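> sequence and predicted structure below; questions after.
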Amino acid sequence: MKRYDMAVIGTGPAGLSAAINGKIRNKSVLLLGEKDLSRKIGMAPVVENYLGLPKIKGSDLGKAFERHLEALDIEITEAVIKQILPLGDYFSLDTTEGVMEASTVVIGTGVVPNKTMPGEEKYLGNGVGYCATCDGPLYRGRKVAIIGEIEEAERDARYMAELAEKVYYIPGYDGWEERMAEEKAAGQDGVLEIVEGKPLEVEGTEGDEFTRRATALKVQQEDGVEVSLEVDGIFFLKSMIPATSLVPGLQMDEEDAGAIKVDRGMSTNIPGLFAAGDCTGRPYQYMKAAGEGLIAGQAAVAYIDKK
Ligand SMILES: Cc1cc2nc3c(=O)[nH]c(=O)nc-3n(C[C@H](O)[C@H](O)[C@H](O)COP(=O)(O)OP(=O)(O)OC[C@H]3O[C@@H](n4cnc5c(N)ncnc54)[C@H](O)[C@@H]3O)c2cc1C
């Protein structure tokens with residue numbers, strides 16, 4: 001497997017800037033995220049405060065970013081990162097497109113909307129997870145529920161069905177019916193059973209952070225009836241994953257909830273792992289993201305060169 005010098009996660013201004021700064025210093029860069037760039041770039045009707053480009057439309061800023069990537073021959077690999085594992089000398093990235101490796105990683109994943117389902121955070125790590133393929137072996141012969149918010153979740157559901165006794169799959173996006181016609185037809189008889197409805201709550205036992213355990217997922221079926229699916233594990237497969245769940249052991253900023261703690265060189269508490277942009281805290285602005293991406297990209301280069 002190819003090991004890149006630098007993996008950059010996110011195609012917003014922070015990630016793009018980090019990738020550009022790695023590439024112009026001759027590092028091999030794996031840029032991961034949405035091919036059409038961060039949706040937030042195009043959402044700004046007019047940007048008043050981007051240096052040198054007064055009153056530029058967000059969509060035009062996006063086009064300029066794309067031209068910059070093209071000029072440097074930087075390609076985007078479209079994938080959602082489910083987990084980043086620091087393995088000493090390098091990082092292993094579990095993505096919707098398979099496992100990838102890099103010597104350094106820059107996280108530029110923006111702000112994740114912190115809308116979670118009741119019980120999701122309470123049981124996180126105690127039966128609730130965001131990466132079915134990472135934890136799959138733990139659920140061999142057991143029952144799991146997978147809440148798929150993205151098409152890629154279908155692959156995880158099928159993988160899990162090879163191991164688990166039962167997989168309830170709750171799709172929350174359009175277009176799954178055709179791809180999963182066989183499973184839909186099998187109904188309750190299949191190992192992989194599709195449950196059409198709205199997931200409402202993770203239920204479980206009480207206890208402290210070590211002893212409490214998720215035991216069921218409450219779902220409102222299409223006919224309005226609420227059912228509790230008894231399971232040993234529940235996975236949420238989302239297009240965005242909170243940074244704390246992305247990297248085990250990543251230190252967060254105690255004074256800014258949800259922000260990754262970094263120093264002035266954009267280093268996190270994990271050697272070789274850097275973060276930039278909205279994910280490191282306020283202000284949420286393009287120029288701050290691009291500037292931090294530059295620092296993170298250059299710091300990653302310096303880290304590689306020192307090794
Ligand atoms: C409507 C609107 C108007 C705005 N107007 C302005 C303005 O006028 N001026 C200004 O300075 N700022 C403005 N902003 C703020 C600006 O958009 C953000 O500050 C900026 O986009 C942050 O850049 P970023 O690279 O940190 O993150 P983002 O742009 O949020 O990019 C993060 C990227 O990471 C990807 N990602 C997340 N998780 C994963 C994962 N697990 N795997 C793979 N990819 C992942 C996301 O899909 C996304 O592509 C505006 C924002 C909005 C919503």
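Alright, I've got the coordinates.
> strands along the stretch 151-300 of the chain, start to end?
166-171, 192-194, 197-204, 214-221, 226-230, 233-237, 273-275 (DSSP state E, counting those that start in this stretch).
> using a markdown table, please lay out the ones you listed together with mean pLDDT.
Listed next are the strands of the stretch 151-300 of the chain as a markdown table, based on pLDDT from 0 to 100:
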| stretch | mean pLDDT |
| --- | --- |
| strand 166-171 | 97 |
| strand 192-194 | 96 |
| strand 197-204 | 97 |
| strand 214-221 | 97 |
| strand 226-230 | 97 |
| strand 233-237 | 93 |
| strand 273-275 | 98 |
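> closest one to Leu53 among the ones you listed?
strand 273-275 (25.5 Å; C-beta to C-beta). For glycine as for every other residue, the C-beta is placed from the backbone atoms N, C-alpha and C.
> name the residues that touch the closest one?
By C-beta atoms under 8 Å, 6 or more residues apart in numbering, the residues outside strand 273-275 that reach it are 18, 84, 86, 91, 104-108, 243, 247, 250, 260, 262, 265-268, 296, 299-300.
> restrict those residues to contacts with the ligand.
Of the residues in the contacts of strand 273-275, proximity to the ligand by C-beta under 6 Å from any ligand atom holds for Gly108.
> mind giving me the PyMOL select for the contacts of strand 273-275, buried ones only?
Buried residues within the contacts of strand 273-275, by 16 or more other C-beta atoms under 10 Å, are selected in PyMOL with:
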select buried, resi 18+84+86+91+104+105+106+107+108+243+247+250+260+262+266+267+268+296+299+300
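> mind putting the strands of the stretch 151-300 of the chain into JSON lines with distance to the ligand and mean neighbour count?
Shown next, in JSON lines, are the strands of the stretch 151-300 of the chain (distance: least, C-beta to the nearest ligand atom, whole Å; neighbours: other C-beta atoms under 10 Å):
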{"stretch": "strand 166-171", "distance to the ligand": "19", "mean neighbour count": "25"}
{"stretch": "strand 192-194", "distance to the ligand": "24", "mean neighbour count": "21"}
{"stretch": "strand 197-204", "distance to the ligand": "20", "mean neighbour count": "18"}
{"stretch": "strand 214-221", "distance to the ligand": "22", "mean neighbour count": "19"}
{"stretch": "strand 226-230", "distance to the ligand": "26", "mean neighbour count": "15"}
{"stretch": "strand 233-237", "distance to the ligand": "11", "mean neighbour count": "27"}
{"stretch": "strand 273-275", "distance to the ligand": "9", "mean neighbour count": "28"}
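> out of the ones you listed, which comes closest to Arg282?
Ranking the strands of the stretch 151-300 of the chain by proximity to Arg282 (C-beta to C-beta) places strand 273-275 first, at 14.1 Å.
> now the closest one, how far from the centre of its chain.
Centroid separation for strand 273-275 versus its chain: 15 Å, with C-alpha atoms, centre = their mean, to the nearest Å.
> ok, Thr205 - how many residues close by?
When neighbours are defined as other C-beta atoms under 10 Å, Thr205 has 12 of them.
> wait, it touches Arg212, no?
Yes - counting by C-beta atoms under 8 Å, Arg212 is a contact partner of Thr205 at 5.5 Å.
> before we move on, back to that, using CSV, lay out the strands of the stretch 151-300 of the chain together with distance to Ala44.
Formatted as CSV, the strands of the stretch 151-300 of the chain follow (distance: least, C-beta to C-beta, whole Å):
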stretch, distance to Ala44
strand 166-171, 32
strand 192-194, 38
strand 197-204, 32
strand 214-221, 36
strand 226-230, 41
strand 233-237, 29
strand 273-275, 22
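> which non-adjacent residue is nearest the residue of the stretch 151-300 of the chain found nearest the ligand?
In the stretch 151-300 of the chain, the residue that lies nearest the ligand is Gly277 (2.2 Å; C-beta to the nearest ligand atom). In space, and not counting its chain neighbours, Gly277 is closest to Ala14: 2.7 Å by C-beta to C-beta, 6 or more residues apart in numbering.
> quick check: that neighbour vs the ligand, distance?
Distance, Ala14 to the ligand, using C-beta to the nearest ligand atom, to the nearest Å: 3 Å.
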